[in-house]
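**Student:** structure for this input, please:
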Amino acid sequence: MRPRESAGSFDHRFDAAAPADIPSDGTWHTVTVGEIPVGLRTEYICVPSVEQTVYTTLVLSNATGQALLAGPVEVTMDEEFLLTTALPTLAPGGVSRVGLGPAEAIGVTRRVNLRESTAGLRNNVTVLEHRVHVELANRLPLPVSVEVRERVPVTSDADVRIEERADWTVPGDDPGPRPHAPGTRLWRVELPAGATAVLDGGYDIRIPAGKALTGGNRRS
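**Tutor:** Alright, predicted model coming up:
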């Protein structure tokens, strides 16, 4: 793929190690110009509020001074072919994420409990307490790194307050093709082989007693 189509704007020069003769016989010929070592890291991602499935992703990083142009990439594991997918342009220092499909051996379940109460000197504040409970189980024979994604509400109304009650983190730049949605929060868990983990968190929505959330106060 042409760099201008895959990256918008891109200038780079590849210096060949030696001259090469290419026959002019009307057929395609592949000439190796150079080799670029690419860093590989397997990460598992799940968004249990949308789908209680864990997905395998491959994070590719280019720590060299050479660009890696967009094109097809074949993924193998333990000498077994998995899939062919498209790799975007990786500029020097660039990072990209490639999805490899569901990881059936890693389980995730999620529950949410909602409690509605009042607060304030005159009970003039409605408090909607959301408690999120996530369980992970690694049935693989090796340790894994799992990223659990949640979302907390966002508001531009000065009368509405969101109070988070979890040790999750605000995401930074993601190597994937899409930026994180507003309110995204992350848990990152290191799971040994055969291990389980429990994540508990949540948030409170505080609104004036005379108001209600669009669509109703009760939601998952």
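**Student:** what ranges do the strands span in this protein?
**Tutor:** Chain-ordered strands for the chain, with DSSP state E as the definition, fall at 39-47, 51-61, 71-77, 80-87, 95-102, 106-119, 125-138, 144-151, 161-164, 184-191, 196-208.
**Student:** the first one pairs with which strands, parallel or anti?
**Tutor:** Translated: strand 39-47. If you go by DSSP bridges, strand 39-47 pairs up with strand 51-61 (antiparallel), strand 144-151 (parallel).
**Student:** looking at those strands, which one is packed in the most?
**Tutor:** Comparing these by mean neighbour count (mean count of other Cβ atoms under 10 Å), strand 144-151 ranks first with a mean of 19. For glycine as for every other residue, the C-beta is placed from the backbone atoms N, C-alpha and C.
**Student:** what's the angle between that one and strand 106-119?
**Tutor:** Angle between the axes of strand 144-151 and strand 106-119 is 30 degrees (criterion: axes from the mean of the first three to the mean of the last three Cα atoms, to 10 degrees).
**Student:** tell me the angle strand 144-151 makes with strand 196-208.
**Tutor:** 10 degrees.
**Student:** mind checking how far strand 144-151 is from the chain centre?
**Tutor:** Centroid separation for strand 144-151 versus its chain: 8 Å, with Cα atoms, centre = their mean, to the nearest Å.
**Student:** any idea of the angle it forms with strand 184-191?
**Tutor:** Interaxial angle, strand 144-151 versus strand 184-191 (the same axes, to 10 degrees): 160 degrees.
**Student:** so what touches strand 144-151?
**Tutor:** With contact meaning Cβ atoms under 8 Å, 6 or more residues apart in numbering, strand 144-151 is reached by 42-49, 54, 106, 108, 132, 134, 136, 138, 166, 168, 181, 183-191, 199, 201.
**Student:** CA atoms of that strand as PDB?
**Tutor:** Provided in PDB are the C-alpha atoms of strand 144-151 (Å, rounded to 0.1, in the frame of the first residue of the first chain):
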ATOM      1  CA  VAL A 144      -1.000 -13.600  30.900                       C
ATOM      2  CA  SER A 145      -1.500  -9.900  31.100                       C
ATOM      3  CA  VAL A 146      -5.100  -8.900  30.900                       C
ATOM      4  CA  GLU A 147      -6.500  -5.400  30.400                       C
ATOM      5  CA  VAL A 148     -10.100  -4.900  31.600                       C
ATOM      6  CA  ARG A 149     -11.800  -1.800  30.300                       C
ATOM      7  CA  GLU A 150     -14.700  -0.100  32.000                       C
ATOM      8  CA  ARG A 151     -16.400   3.200  31.500                       C
END
